[in-house]
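Student: Predicted model and sequence follow; I will ask about them next.
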Amino acid sequence: MRSSHSLDRLQVAFDDDHSVANAGLILSATLLEHLGLEQLFDEHVDLGNRDGHFLPGRKAMTIVQAMVAGADSIDDCGVLRAGETERVLSHKVMAPSTLGTFLRAFSFGHVRQIDKIAEEALGRAWAAGTGPGEDPLVIDVDSTICPLHGYHKQGASYGYTKVLGHHPLLATRAGTGEVLHVRHRKGSANTARGAPRFLKETFGRVRRAGAAGEITLRADSGFCSKQVIAACRTASVHFSITVRQTTKVRAAIAEIDESSWVGIDYTPGEIAEVAETTYKGDRLIVRRVRDRSAQGQLFHTWCYHGFVTDLAGEATELDRFHRAHAQVELAIRELKENALAHLPSGSFSANAAWVVFATLAHNLICWVASIGLETQGPVCQATMRRRHFAVPGRITRSAQRDTLHLPTRWPWRAEFLAALAGLRSVRLVT
């Protein structure tokens with residue numbers, strides 16, 4: 001006998017004009033409003049007659065807010081038009097077709113305009129309490145492949161990974177996962193292509209944004225070049241960069257006395273030791289690892305990993321510090337699982353603009369967590385969406401006052417209300 005509560009008996013109708021699909025976007029919308037980002041876009045983005053020069057701020061904010069909600073394509077931005085979702089935002093929501101026209105109007109110079117806005121947004125957020133201030137700042141730089149499908153997309157080509165796609169550069173902040181700078185490149189670009197200039201821009205923008213303390217760059221072997229090291233020294237930035245296992249590097253490692261190796265804690269089943277020498281006038285810290293597990297190496301040989309640095313301190317501590325560079329992959333994963341899962345346009349410049357918008361949305365979630373929720377360290381953005389942004393709601397009006405009704409017994413009610421109060425207290429410092 002079928003239950004009277006069978007789901008087959010439940011009628012479904014899309015007819016609620018007052019529902020809000022992602023009511024938690026009021027958190028990110030509040031922060032956007034208090035940071036004045038829509039006005040920044042209206043003031044600094046000028047597409048001329050390429051897009052009718054009509055209020056770029058509301059178009060940019062629609063894209064960013066849709067990305068916060070989880071959009072990874074232009075069509076997904078239509079989620080903000082559902083019910084009365086627009087009323088929890090600080091801007092008018094634009095149609096996906098309008099956003100597509102907007103993105104295709106971008107040229108390289110226009111992408112640089114929104115790059116400048118991203119820098120200003122970083123400075124305003126840091127002034128609101130999320131910045132490093134006088135504390136040390138560690139910058140992790142890396143590149144990633146954004147896979148594409150089809151040869152009709154400009155700049156799509158095969159690189160060293162043999163994957164068709166684009167190959168952007170990213171600089172992230174260690175400890176928080178914020179994207180400090182991004183540069184979109186075609187798929188065939190070498191890892192280090194444009195890296196010295198990119199790093200000079202990154203160092204300059206974090207200084208202008210308010211980083212007054214010591215800065216250190218961490219990078220893998222793809223960025224090991226005299227030009228990158230020179231850029232660091234010119235900007236008075238410390239560096240910790242993996243070296244390639246060239247003949248000269250292997251020769252320097254071979255000269256290390258056996259008594260110099262010091263054991264360190266490492267992966268269970270492996271033994272690891274650290275020692276140091278010099279290479280071209282810089283400290284060369286070397287870690288060697290040997291697999292001793294039951295299904296490890298047939299012959300117990302050492303695998304070597306070295307990096308050059310100008311940092312002071314014990315070799316074992318510097319090795320632990322350098323290994324933390326791997327956290328850059330967390331920020332890259334967050335981006336590629338969300339807004340960068342799909343580059344939507346056939347135009348290279350449109351995709352370059354999309355990438356900058358994606359980093360803005362990524363940072364916005366980080367700032368909501370650090371300012372509103374007082375979260376220390378990187379946040380899982382999928383968790384943020386599930387607990388705070390994707391909460392459904394309904395708007396009612398009584399006594400000339402609007403009320404956003406959210407579900408009773410929401411497990412994260414207290415955190416949500418505390419975050420909203422904290423974000424409403426943010427004041428723009430100009």
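Tutor: Received it, and whenever you're ready, just let me know what you need.
Student: most centrally placed residue in this protein?
Tutor: Val179 (4.1 Å; C-alpha atoms, centre = their mean).
Student: give the contact list for it.
Tutor: Leu170, Ala171, Thr172, Arg173, Ala331, Leu335, Thr359, His362, Asn363 (C-beta atoms under 8 Å, 6 or more residues apart in numbering). From N, CA and C alone the C-beta is placed, and that goes for glycine too.
Student: Could you find the closest non-adjacent residue to the last one?
Tutor: The one in question is Asn363. Glu178 (5.1 Å; C-beta to C-beta, 6 or more residues apart in numbering).
Student: For burial, what's the neighbour tally of that neighbour?
Tutor: 23 (other C-beta atoms under 10 Å).
Student: same thing with Lys116?
Tutor: 13.
Student: can you check Gly263 too?
Tutor: 10.
Student: how near is it to Asp135?
Tutor: 32 Å (C-beta to C-beta, to the nearest Å).
Student: where exactly do the strands run in the stretch 301-430 of the chain?
Tutor: Secondary structure of the stretch 301-430 of the chain, counting by DSSP state E, counting those that start in this stretch: strands at 303-309, 393-398, 401-405.
Student: first to last residue in stretch 172-190, what's the distance?
Tutor: 19 Å (C-alpha to C-alpha, to the nearest Å).
Student: per-residue confidence averaged over that stretch?
Tutor: Averaged across stretch 172-190, pLDDT comes to 95.
Student: quick one, what contacts the closest residue in space to Lys186 that isn't next to it in sequence?
Tutor: Nearest residue to Lys186, sequence neighbours excluded (C-beta to C-beta, 6+ apart): Gly155, at 3.6 Å. Contacts for Gly155 (C-beta under 8 Å, 6+ apart) come out as His166, Arg185, Lys186, Gly187, Phe348, Asn351.
Student: Could you do Ala230 as well?
Tutor: Ala230 neighbours (C-beta under 8 Å, 6+ apart): Pro196.
Student: Which pLDDT value belongs to it?
Tutor: Ala230 is given a pLDDT of 96.
Student: Would you point out the helix or strand in the protein whose mean pLDDT is lowest?
Tutor: When the helices and strands of the chain are scored by mean pLDDT, DSSP states H and E, strand 157-158 comes last with a mean of 88.
Student: How far off centre is the helix or strand that comes right after that strand?
Tutor: Using DSSP states H and E, the helix or strand that follows strand 157-158 in sequence is strand 164-166. Counting by C-alpha atoms, centre = their mean, to the nearest Å, strand 164-166 is centred 19 Å from the centre of its parent chain.
Student: Mind giving me the packing neighbours of strand 164-166?
Tutor: Using 3 or more C-beta pairs under 8 Å, 6 or more residues apart in numbering; DSSP states H and E, the elements in contact with strand 164-166 are strand 146-147.
Student: For the strand it packs on, name the packing helices and strands.
Tutor: strand 164-166.
Student: now what about the least confident helix or strand of the chain, what contacts it?
Tutor: Leu164, Lys186, Gly187, Ser188.
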